[in-house]
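> Test case, fold it:
(2 chains)
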Amino acid sequence: MTLLRRNWPWLVALAVLLAFPFLFYDWTRGRHSGFALTLMSEIGVMAIFALSYNMLLGQAGLLSFGHAVLFGLGAYCAAHTVNLVKAGTIWLPTELVPLAGGLGGLFFGFVLGWLVTKQRATAFAMITLGLGELVSAAALMFMGFFGGEGGITIDRVMDTSLLGVRYTSPWQVYCLVLGWAFVAAVLMRLQMQTPLGRMANATRDNFERAQFVGYDPRRVRWMQFTLAGFFAGVGGGLYVMIYEIVTFDTVSAVKSANALLAVYIGGAGAFFGPVLGTIVVVLLQSGVSLLSNAWLLYVGVLFIVMVMYAPVGLAGLIGMHAPLWRTGRLRELLLPYLRALPPALMLFLGFVLLVELTSFTTIGAAQGKRFAIGGQTIDTTSPLPWAIAVAALGVGAFWLRREAHAFRLRWDALMEDAKRQAGAP
Amino acid sequence: MTVPAIELSDVRKNFGATEIIRGVDLGIARGERHAIIGPNGAGKTTLFNLISGRFPISSGSITVNGKSTAGLAPQEINRLGLSRSFQITSIFPRMTVFENIRCGLLWSRGYRYSFWHLLGGQKALNAEADRLLDRLNLGDRRNVQAGLLSYAEQRALEIGITIAGGADIILLDEPTAGMSHSETDAAVELIRGVSEGKTLIMVEHDMSVVFGLADRITVLVYGEVIASDTPAAIRGNAAVQEAYLGTIAA
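Numbers count the residues shown, from 1 in each chain, chains lettered A, B, ... in the order given. So this is what the prediction gives:
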């Protein structure tokens, strides 16, 4: 019962995620939105991937540029496993395919980890960068395992389900992803509270001190890397189940960078930070990319802004409000926030307009697209929209600076109060 | 004959062409409180770094509890029963005070690299960490991030991490450096208490601490031991007077 009382947010989250696709349910035709389900499945997979990345970055202080290697190799292992099951060579329930990916990730985490965890800090980052390139290159050379440019395709309808589900619909696949994402997240959360998880924090904080309490920091890094490989591999296994194909993109530096972006944007300091970051990154990738040619630029700018102004990430920003929440004074921030909103919006829209105008004079023109806002075509050659964009950008920035200053004063005063209140008995 | 806690014979260390430790022979008996003193640059901290395995020795030999430390990593020397603190505070700054102490306990309580024990449920371990926190007078700072503690509290925490594992040889590098008088007094009482029945070796500049705590004192000057004796004998030693103590202990 205490278990339930303390962990109810997890169950609420699970219930909400299970119900969420019904917001996009087409009731007249009686079916789910395939786009929404695939998007949510993608978020689930990438969330596992980002959480496993944070086992290295957040917990052990290891900045890896090659984490997708473990994700991708796990995906390949899962794909080959599915094909073996289909061929009748082995038998495995469909539900356990992600576990095959996980074991693949565990194996490669163990083997490759032996090499990369010899070093820490910058040297570690460099080795992982090299490893990522190495495996990407190998993916095009070893046809048997990687399938070359075409990759490995599977048919996920294996008819070996323990639950009698055929996984023919995106809804069934989504449920599989959600189940595994939930289990993986719980396990990763629990791992933080084990001796290994704590010593990963300790070696992150002070590897020398860790040595002088009896631990070999390299061994800690290696084991942490191996376990992170397992969870990345689970993500890879689910990826195969969603897309029914795995190509060398899955081991690429771009994939690795996705995890890094998600963790930095969401925040490495809180357990759910990487999940928040994943939601933002995937929505930008899959949603904004449909609307704009310049979506990658927005991801990049967001990343830079977060690293510069909010290195604690979204979760960290939310967490900063906790003292005010506890003292019941959160609503006093409502007005300052509302006041900062118009200039922030102005700055944002000015920036977007400028980026889109530029992108339409170059890529857009080449693709023969017209720039339209709400049905109104905008002439990118006339100076007016450009002037509006620059003006909005300039005025917004100036205005926001002033509001930010006022906001800061209010914030500091409130925090001071909260601290005093917390200090009093 | 009982095995000495630590024995150094003809230990030398050079950094490049410079010889910092120039042939040190030193035996420290079990249960002794031993202070190493000497002027700045004498090599006291370097000697600690050699004994604890932070740096390899250039020649000579060191034994800890009768076992040679040649080729051993710091964690392996720690597992022989030797634990140390640092001159510059060395804790786990982003973890809580309680977690710091518990990390100091984990290895000696046999948890090793376990990823299947949940620490929240290890009642005996957690109770032990809490008991030690109370002994350090850090009980009410239990859930504070260690990096946010005051300087004296961080020093106390470091001593706590150092002794948590139950090592029978404790090396403290300037444990009272930078402390006020009252903080120093508290630290001395703490050190006296936690080193009860253990071998304590400390580098210290505060002569009142040294003469108040130590059973024996070794004087190190330019990488060589010029005297190693009881406090009374050290006080009366002419060579020591000349080289180091001067009027301080007179």
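> List the residues that contact the residue nearest in space to the middle of chain B.
When chain B is reduced to its mean C-alpha position, the nearest residue by Cα atoms, centre = their mean turns out to be B:Leu171, at 1.7 Å. By Cβ atoms under 8 Å, 6 or more residues apart in numbering or on different chains, the residues touching B:Leu171 are B:48, B:51-52, B:82-85, B:162, B:201-202. Using the backbone N, CA and C atoms, a C-beta is placed for each residue, glycine as well.
> Please list which of those are also close to chain A.
Contacts with chain A within those, as defined by Cβ under 8 Å from any Cβ of the partner chain: B:52, B:83-84, B:162.
> what packs against the strand or helix carrying B:Thr45?
B:Thr45 is part of helix B:44-51, with elements assigned from DSSP states H and E. Counting contacts by 3 or more Cβ pairs under 8 Å, 6 or more residues apart in numbering or on different chains; DSSP states H and E, helix B:44-51 is packed against strand B:6-15, strand B:18-28, strand B:33-37, strand B:59-64, strand B:82-84, strand B:169-173, strand B:199-203.
> Just give the number of residues close to the residue in chain A that chain B sits nearest to.
Using Cβ to the nearest Cβ, the single residue of chain A nearest to chain B is A:Gly214, 3.2 Å away. Residues near A:Gly214, counting by other Cβ atoms under 10 Å in any protein chain shown, number 23.
> now do the one 3 residues further on
By other Cβ under 10 Å, 24 other residues sit near A:Pro217.
> That one reaches A:Lys118, doesn't it?
No - using Cβ atoms under 8 Å, A:Pro217 is not in contact with A:Lys118; the gap is 10.9 Å.
> picking that back up, could you dump the contacts of B:Leu171 into TSV with pLDDT added?
Output for the contacts of B:Leu171, formatted as TSV (pLDDT from 0 to 100):
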residue	pLDDT
B:Phe48	95
B:Ile51	96
B:Ser52	96
B:Leu82	96
B:Ser83	96
B:Arg84	96
B:Ser85	95
B:Thr162	96
B:Ile201	97
B:Met202	95
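> Just the buried residues from those residues, in ChimeraX please.
Buried members of these, defined by 16 or more other Cβ atoms under 10 Å in any protein chain shown, are picked up in ChimeraX with:
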select /B:48,51,52,82,83,84,85,162,201,202
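> Among the contacts of B:Leu171, which one sits closest to B:Asp140?
Among the contacts of B:Leu171, B:Thr162 lies closest to B:Asp140 (Cβ to Cβ), at 21.3 Å.
> just checking, that closest one is part of a strand?
No - under DSSP: H, G, I helix; E, B strand; the rest coil, B:Thr162 falls outside any strand and is assigned helix.
> And it, how far from A:Arg209?
Look at B:Thr162 and A:Arg209: by Cβ to Cβ, to the nearest Å, they are 10 Å apart.
> and A:Ser256, which of the helices and strands packed on helix B:44-51 is closest to it?
For A:Ser256, the closest of the helices and strands packed on helix B:44-51 is strand B:82-84, at 38.8 Å, according to Cβ to Cβ.
> How many neighbouring residues does the nearest residue to A:Gln119 once chain neighbours are set aside have?
Counting by Cβ to Cβ, 6 or more residues apart in numbering or on different chains, A:Gln119 lies nearest to A:Ile127, which is 6.1 Å off, once chain neighbours are set aside. By other Cβ under 10 Å, 19 other residues sit near A:Ile127.
> For chain A, just list every one of the strands.
Applying DSSP state E to chain A gives strands spanning A:152-153, A:245-246, A:372-373, A:376-377.
> what pairs with the first one, and is each one parallel or antiparallel?
For strand A:152-153, the paired strands and their directions (DSSP bridges) read strand A:245-246 (antiparallel).
> May I see the buried residues of stretch A:186-195?
Within stretch A:186-195, the residues that count as buried by 16+ other Cβ under 10 Å are A:188, A:191-192, A:194-195.
> Straight-line length of it, end to end?
End-to-end span of stretch A:186-195 (Cα to Cα, to the nearest Å): 17 Å.
> Check stretch B:91-100 too.
For stretch B:91-100, the end-to-end distance is 7 Å (Cα to Cα).
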